[in-house]
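# Give me a 3D structure for the following:
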Amino acid sequence: MQSNKRRLSLLAGLLAFALVAAACGDDADPTTTTAAPSGGDSSTTTAAPSGGDSTTTAAPASTTAAPTGGVPLEDFKLGILLVGPEFDQGYSQAHYEGAQYAIEKLGLSEDALLSLDFINPADNPGLTPEAVAADMISQGADLIIFNSDDMKDGAFAAAEQNPDVPMIWISGDNAWTDGKAPRTELANLGNIFGQMIYGKMIAGCAAALQSETGQLAYLGPLTNDETRRLVNSAYLGAKWCWENVRGETTDLQFKVTYIGFWFEIPGVTLDATQVVNDFIDDGADVVLSGIDTTQALVRSGQRADAGESLFAVPYDYIDACQEAPDICLGVPYFNWGPAYLELAQSVIDGTYSAGFQWLAPDWSDINNPDSSIIGYAKGAGLTAENSTALDAFINGLGDGSINLYEGPLNWQDGSTFLADGETASEFQIWYSEQCLEGVEGVCDLDS
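Sure, this is the predicted structure:
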């Protein structure tokens, strides 16, 4: 949807911005202001860790106020910063297509979407998220979305510098008043994320159902609370289906290796393809991906084509299985469109509020493109029998009869995470300080 002309316009604007900044030097005063308090609490949409229906609970009263005023529909523009390539068959493409969905549903032209990819310090050193955001705002953007945890500092700086512009830091928690480090003075910066813990549980179950060796491997990005929570969820789903569906009594093996970033960057991260080779050489017959791109599926597919019995589970993007369809067991994916549409509409209406939202799947149909932020698209590698078993598992997550975050559960170092019969809170799951006992591999590398 985005034209080369639009991309060149953004890049030209950034170059101009850099020249002005260089000319001003230390004379530029970065003084910022914040919005004054107003009435009305922000709200947080969440779901209980055991599944079931999502609930909406009022967040504690804040001392800050979101931007107000509204925007004429015909003038609205959405700006989105992508950490990776917009056509990566993974995380960034899911965001880009979600932004396209919102613009199309609003009946606007492609000019209403401003997008720039590869916004990360390794690919574009010196190109800061706040500079990109400033350029988009100068071109008329009314809502800015930072799509990565990696953009935290830039999102904070941009919010401080542009307090009247609504912004979203995806996967962040600065607007969570009950979180570890709320920044409620950033009244224009909200957070949205999908409860991918459920997508990963489903992925882990599919892997365990299909595995012939009982050895699973997980290709991880960098290490932080988010990535550990997803590793843990995939492991719990795999363990439950291994024991309760297959009835296996031998231990399931589940190994994780982190490459060092959300996707491979030569000379910076580990070689993702080599990590997959190592997994397979060590006996894993299913590789699950936790990185933004498709190396786990591609390399497993190449070796399967050479005669090995292998399967893989990619991540993030609904159509990721097409890279190696015959061995793909399915993909847990983000569907950002409905959330982005709701955000855009709130800005247009003047009702935007910078809250924290950790959104559950639509359990009535997790693959509904107009309602569910998390889905699971089954792959051709999954047998009909295992597909039926997976459906039953999904239904159990949805109605709450299967609760994987219930004790006893220990951390990897043997300390207690959840006592016997204790159910994890969202706080405990969100801030996953370690991988769980039973997961092999180092999970506390510097993120």
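# all strands for the stretch 301-447 of the chain, in order.
311-313, 330-334, 356-359, 374-378, 409-410, 416-418, 439-440 (DSSP state E, counting those that start in this stretch).
# average model confidence for the first one?
Across strand 311-313, the average pLDDT comes to 98.
# Can you give the contact residues for it?
203, 206-207, 210-211, 285-289, 296-297, 300-301, 304, 324, 327-332, 379, 381 (Cβ atoms under 8 Å, 6 or more residues apart in numbering). The C-beta positions use only the backbone N, C-alpha and C, and glycine is treated the same way.
# Give me the distance from that strand to the chain's centre.
When distances are taken as Cα atoms, centre = their mean, to the nearest Å, strand 311-313 is centred 19 Å away from the chain's centroid.
# about what we covered before: and the strands of the stretch 301-447 of the chain, which is most packed in?
Neighbour counts (mean count of other Cβ atoms under 10 Å) averaged over each of those peak at strand 311-313, with a mean of 32.
# Ser387 is in contact with Lys378, isn't it?
Yes. Ser387 lies in contact with Lys378 (Cβ atoms under 8 Å); the separation is 6.0 Å.
# Which members of the contacts of strand 311-313 are positioned in helices?
Cross-referencing these against helices under DSSP state H gives 203, 206-207, 210, 296-297, 300-301, 304.
# Need the max-distance pair from the residues you listed.
Spanning the widest gap among these are Ala203 and Ala304, at 18.2 Å by Cβ to Cβ.
# Name the residue in these two with the higher neighbour count.
A count of neighbours by other Cβ atoms under 10 Å puts Ala203 above the other of Ala203 and Ala304, at 30 against 19.
# what pLDDT does that one get?
For Ala203, the model assigns a pLDDT of 98.
# Please report how far it lies from Ala296.
11 Å (Cβ to Cβ, to the nearest Å).
# Show me the common contact partners of the two, please.
Joint contacts of Ala203 and Ala296 (Cβ under 8 Å, 6+ apart) are 288, 313.
# now the helices: where do they sit in this structure?
Counting by DSSP H, the helices of the chain are 4-24, 91-105, 129-138, 152-161, 196-210, 225-244, 272-281, 295-305, 337-349, 384-399, 426-430.
# Pick the most buried one from these.
When the helices of the chain are compared using mean count of other Cβ under 10 Å, helix 196-210 is most buried, at a mean of 28.
# roughly how far out does that helix sit from the chain middle?
The answer for helix 196-210 is 16 Å, by Cα atoms, centre = their mean.
# Residue numbering should commence at 408 henceforth.
New numbering, starting at 408: the last item is helix 603-617.
# how big is the angle separating that helix from strand 781-785?
20 degrees (axes from the mean of the first three to the mean of the last three Cα atoms, to 10 degrees).
# check contacts around Asp777.
With Cβ under 8 Å, 6+ apart, Asp777 has these contacts: 744-745.
# And it, how close does it get to Ser499?
Relative to Ser499, and taking Cβ to Cβ, Asp777 is found at 22 Å.
# same check, this time on Glu833
From Glu833 over to Ser499 (counting by Cβ to Cβ), the distance is 26 Å.
# returning to that earlier point: out of the helices of the chain, which comes closest to Phe483?
Across the helices of the chain, closest to Phe483 is helix 744-756 (Cβ to Cβ), at 5.5 Å.
# Please pull out the lowest mean pLDDT helix or strand from this protein.
strand 461-465 (a mean of 36; mean pLDDT, DSSP states H and E).
# picking up where we left off before, so for Phe668, which of the strands of the stretch 708-854 of the chain sits nearest?
Using Cβ to Cβ, the strands of the stretch 708-854 of the chain put strand 737-741 closest to Phe668, at 18.6 Å.
# what's the angle between the closest one and helix 702-712?
Using the same axes, to 10 degrees, strand 737-741 lies at 170 degrees relative to helix 702-712.
# could you give the mean pLDDT of strand 737-741?
98.
# same deal with stretch 505-513?
98.
# again with stretch 679-691
98.
# Name the spans of the chain whose pLDDT lies under the cut-off.
Applying pLDDT under 70 to the chain flags residues 408-475, 853-854.
# thinking Ile780 is in contact with Trp770, fair?
No. Contact criterion Cβ under 8 Å: Ile780 and Trp770 do not qualify, at 11.8 Å.
# quick one, which of these two is more surrounded?
Between Ile780 and Trp770, Ile780 has the larger neighbour count (other Cβ under 10 Å), namely 26 against 20.
# Now do the contacts for that one.
601-602, 741-743, 745-746, 766-769.
# Closest one of those residues to Glu493?
Trp743 (12.9 Å).
# Leu521 versus that closest one, what's the distance?
Going from Trp743 to Leu521 by Cβ to Cβ gives 16 Å.
# what do you get for Ile801?
37 Å.
# Repeat that for Gly690.
Gly690 sits 47 Å away from Leu521, going by Cβ to Cβ.
# Could you do Gly744 as well?
In terms of Cβ to Cβ, Gly744 sits 17 Å off from Leu521.
# Kindly report the same for Glu481.
16 Å.
# Compare those two and say which is more crowded by neighbours.
Leu521 (25 against 11).
# Please report the distance of that one from Tyr747.
In terms of Cβ to Cβ, Leu521 sits 13 Å off from Tyr747.
# Check Leu626 too.
Distance from Leu626 to Tyr747, by Cβ to Cβ: 28 Å.
# got it, and Val652?
For Val652, the distance to Tyr747 - Cβ to Cβ - is 36 Å.
# same check, this time on Ala582
17 Å.
# repeat for Thr656
On the measure of Cβ to Cβ, Thr656 and Tyr747 end up 46 Å apart.
# now do Ser522
Relative to Tyr747, and taking Cβ to Cβ, Ser522 is found at 12 Å.
# between these two, what contacts are shared?
With contacts taken as Cβ under 8 Å, 6+ apart, the residues that reach both Ser522 and Tyr747 are Ala506.
# how about the spatially closest residue to Asp580 that is not a sequence neighbour, phi and psi?
Nearest residue to Asp580, sequence neighbours excluded (Cβ to Cβ, 6 or more residues apart in numbering): Gly586, at 4.3 Å. Main-chain dihedrals, Gly586, degrees, to the nearest 10: phi -80, psi -180.
# Against Cys728, how distant is Gly586?
35 Å.
# Looking at these two, which is more packed in?
Neighbour count, other Cβ under 10 Å: between Gly586 and Cys728, Cys728 has more, with 26 against 17.
# Surely the more buried one is in contact with Val738?
Yes. Taking contacts as Cβ under 8 Å, Cys728 lies within contact range of Val738: 5.6 Å.
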